[in-house]
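>>> sequence and computational prediction follow.
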Amino acid sequence: MPGPPVRLALPAMATRFELALAGGDPVRLRGAGEQALAAIAECEATISPFVRGSAIARVNAAAGGRPVRVDPLTFELLLCCRELHRT
């Protein structure tokens, strides 16, 4: 019988991410949860407008006044956002 869920949380992107992972091995569940939270933290560092110096914060600060160099993944995200905005 599985035990209680493994619970992890992270404040990021002006909200709180909470995970409740249920299953067999709590050590493996915690490891998977920590990897998921690390991915969220990485996203926040790159694309959150709330993090000073993030790629999106730099784009917003330029406000169309000058080009801003971003990494390829952020560029792809911005292209997707533009397409979504057009539809």
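Looks like it came in fine.
>>> wait, is G3 part of a strand?
No - looking at G3 with DSSP: H, G, I helix; E, B strand; the rest coil, it is coil, so not inside a strand.
>>> count of neighbours near it?
By other C-beta atoms under 10 Å, the residues close to G3 number 11. All C-beta spots, glycine's among them, are computed from the backbone N, C-alpha and C.
>>> kindly state the pLDDT recorded for the residue nearest to it when sequence neighbours are not counted?
In space, and not counting its chain neighbours, G3 is closest to P26: 6.4 Å by C-beta to C-beta, 6 or more residues apart in numbering. For P26, the pLDDT comes out at 93.
>>> kindly check the end-to-end length of stretch 47-67 for me.
Stretch 47-67 has an end-to-end distance of 17 Å (C-alpha to C-alpha, to the nearest Å).
>>> how about that stretch: buried residues?
Judged by neighbour count using 16 or more other C-beta atoms under 10 Å, the buried positions of stretch 47-67 are I47, S48, V51, S54, A55, I56, A57, V59.
>>> scan this protein for its longest helix.
Ranked by residue count and defined by DSSP state H, the top helix of the chain is helix 26-47.
>>> what's downstream of that one, the next helix or strand?
Using DSSP states H and E, the helix or strand that follows helix 26-47 towards the C-terminus is helix 55-62.
>>> who does that following helix touch, helix- and strand-wise?
Counting contacts by 3 or more C-beta pairs under 8 Å, 6 or more residues apart in numbering; DSSP states H and E, helix 55-62 is packed against helix 26-47, helix 72-86.
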